[in-house]
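Undergrad: Quick one, what's the 3D model for this:
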Amino acid sequence: MRIAIDYSAAVNQRAGVGRLVRNQVLALAELDQANDYRLIYARPNRGQVPEFPVARNFSRREVGVRERWLTILWHRANLPLPADWLSGPVDLYHSPDFVLPPLRNARGILTVHDLAFLMRPDCADERLRAYLEGVVPRSVQRADFIVADSENTRNDLVVLLGVAPAAIAVVPGGVEPRFRPVTDADQLRRARERLGVGDAPFLLAIGVIEPRKNLNRLMDAFFALKQRGKVPADLKLVLAGGKGWLVDGIFEHHAASPVRDAICMPGFVPDEILPAIYSAAEVLAFPSLYEGFGLPILEAMACGTPVVASLASCLPEVAEGAALMIEPTDVDGLSAALELALLDTALRARLIEQGRERAAKYTWQSAAALLLQVYQNVAAT
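TA: Predicted coordinates:
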């Protein structure tokens, strides 16, 4: 079987979808030596150093234009340029980043990570939302089969876009073995220096800075927590992540917060120091309004960090009893949960133990096995 995979997200995106695609493909290369894989990708952005699997049955082909131009040609100009013409003859073409280009002969598989632009349109840039509202449903209709990151996204696809349940498979994310408790003092010190927290205890929120992450309410909950005076006086809140859409309101909220000096916004943090960052944190706060999967929850759990998370979308499915869960709009509830996770010693011990057990259930090897099963099933129909 000849399978083409659009590897552009893995080449050009440092976090989020890029990490997911990269880890799935690397695990797939370890698992499957029988099928012929062709990784198709746009020209890497400046400064990006792509990581590719080293396996005889994996070849790669760079398309001579940037990813933005492929998007314009395929999905804005609707140019009928078949992607399997670029890849060469293949049986399957897998597009793992929301949109599926036109195909000539190959059967198309599409991964849809979430439908945030439909579920939370208030949290998306207007131009991006308009684009996704057109191209994602069109890609879904074009696909022979769809992959979702969670049962929640699978259900959203059925309800909102009318996809037949039998035409969707759930392939969740995984946790890399490097995510484990870090005890090395130098690594922890460097992580703290990067975040700007010094020796102070801190709560961590990590992900792209955008309204969907619910960071304004988290800052308000942190203020309420500090006001009650039960937590360490030097406790800090870290909002780590690169800038996403509609960030102005978040930075304005930060500037207006009475505890703004205790809230650190260090920007994007390098992938290689994430285990140390999770390990150094007292609690991971993940109060998102909507997520397709929520991988930081599992990564923090694997590092032995208690988690407070939102009841929204897929997060109860991912955490499944191993985190304190709160309604995302309940600032008082969020503040109280953070206090419990910080101060209740018995509860912290239980969350740490259950979190490690929960995270251990998600591996990239098992994700790759599910993805390979999708390929085999689609090829057989």
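Undergrad: CA only for contacts and neighbour counts going forward, please
TA: Noted.
Undergrad: so how many other residues sit close to Arg138?
TA: Using other Cα atoms under 10 Å, Arg138 has 15 neighbouring residues.
Undergrad: cool, Lys243 as well?
TA: 14.
Undergrad: Also the one 3 residues further on?
TA: Taking other Cα under 10 Å as the criterion, the count of residues near Leu246 is 17.
Undergrad: Now do the SS call for it.
TA: coil (DSSP: H, G, I helix; E, B strand; the rest coil).
Undergrad: so it makes contact with Asp122?
TA: No: look at Leu246 against Asp122 with Cα atoms under 8 Å: they stay out of range, at 9.9 Å.
Undergrad: how far away is the residue of the chain most remote from its centre from Phe223?
TA: Distance to the chain centre peaks in the chain at Gly229, reaching 34.2 Å (criterion: Cα atoms, centre = their mean). Using Cα to Cα, to the nearest Å, Gly229 is found at 10 Å from Phe223.
Undergrad: How about Arg212?
TA: 20 Å.
Undergrad: And for Val307?
TA: 19 Å.
Undergrad: Specify which residue of these two has the higher count of neighbours.
TA: Between Val307 and Phe223, counting by other Cα under 10 Å, Val307 is the more crowded of the two (30 against 19).
Undergrad: State the number of residues packed around the spatially closest residue to Val331 that is not a sequence neighbour.
TA: Closest residue to Val331 apart from its sequence neighbours, by Cα to Cα, 6 or more residues apart in numbering: Ala221 at 5.3 Å. For Ala221, the count of nearby residues is 22 (other Cα under 10 Å).
Undergrad: tell me which residues in the strand or helix carrying Ala221 are buried?
TA: Element membership of Ala221 [criterion: DSSP states H and E] is helix 215-228. Using 16 or more other Cα atoms under 10 Å as the test for burial, helix 215-228 gives Leu215, Asn216, Arg217, Leu218, Met219, Asp220, Ala221, Phe222, Phe223, Ala224, Leu225, Lys226.
Undergrad: Verify the contact between the third one and Thr329 for me.
TA: Yes: with contact defined as Cα under 8 Å, Arg217 and Thr329 form a contacting pair (7.3 Å).
Undergrad: Let me know the next secondary structure element after the lowest-mean-pLDDT helix or strand in the chain.
TA: Within the chain, confidence by mean pLDDT, DSSP states H and E is lowest for helix 67-71 among all helices and strands, at a mean of 66. For helix 67-71, the following helix or strand on the C-terminal side (DSSP H and E) is helix 83-87.
Undergrad: got the CA coordinates for that following helix in CSV?
TA: C-alpha atoms of helix 83-87 as CSV (Å, rounded to 0.1, in the frame of the first residue of the first chain):
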residue,chain,number,x,y,z
ALA,A,83,-2.3,16.6,-4.4
ASP,A,84,-1.6,13.1,-5.5
TRP,A,85,-0.1,14.5,-8.7
LEU,A,86,2.5,16.1,-6.4
SER,A,87,3.0,13.0,-4.4
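Undergrad: which outside residues touch that helix?
TA: 4, 38, 40, 61, 63, 90, 93, 101-106 (Cα atoms under 8 Å, 6 or more residues apart in numbering).
Undergrad: go on, stretch 190-202?
TA: 232, 234-238, 240, 264-266, 269, 273, 276-277, 280-283.
Undergrad: ok, 10 Å please
TA: 185-189, 204, 231-240, 262-270, 273-284, 342 (Cα atoms under 10 Å, 6 or more residues apart in numbering).
Undergrad: Kindly check the end-to-end length of it for me.
TA: 15 Å.
Undergrad: on that earlier part again, just the ones in helices from the contacts of stretch 190-202, please.
TA: Judged by DSSP state H, those include 185-189, 274-280, 342 as members of helices.
Undergrad: which of those count as buried?
TA: Gln187, Leu188, Arg189, Leu274, Pro275, Ala276, Ile277, Tyr278, Ser279, Ala280, Leu342.
Undergrad: Just the closest of these to Val208, please.
TA: The nearest member of those to Val208, counting by Cα to Cα, is Leu274 at 14.3 Å.
Undergrad: Gly60 reaches Ile40, doesn't it?
TA: That one is not Gly; residue 60 is Arg. Yes: counting by Cα atoms under 10 Å, Arg60 does reach Ile40; the two are 6.0 Å apart.
Undergrad: so what sits against both of these two?
TA: In contact with both Arg60 and Ile40: Ala4, Ile5, Asp6, Tyr7, Ser87, using Cα under 10 Å, 6+ apart.
Undergrad: Would you mind writing the CA trace of the helix or strand that contains the second one as PDB?
TA: Just to be clear, that refers to Ile5. If you go by DSSP H and E, Ile5 is part of strand 2-6. The C-alpha coordinates for strand 2-6 follow below in PDB (Å, rounded to 0.1, in the frame of the first residue of the first chain):
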ATOM      1  CA  ARG A   2       1.300   3.500  -0.900                       C
ATOM      2  CA  ILE A   3       0.400   6.200   1.500                       C
ATOM      3  CA  ALA A   4       1.000  10.000   1.200                       C
ATOM      4  CA  ILE A   5       0.900  12.100   4.300                       C
ATOM      5  CA  ASP A   6       0.900  15.900   4.200                       C
END
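Undergrad: Neighbouring strands - and their directions - for it?
TA: Using DSSP bridges, the strands paired with strand 2-6 are strand 36-43 (parallel), strand 92-95 (parallel).
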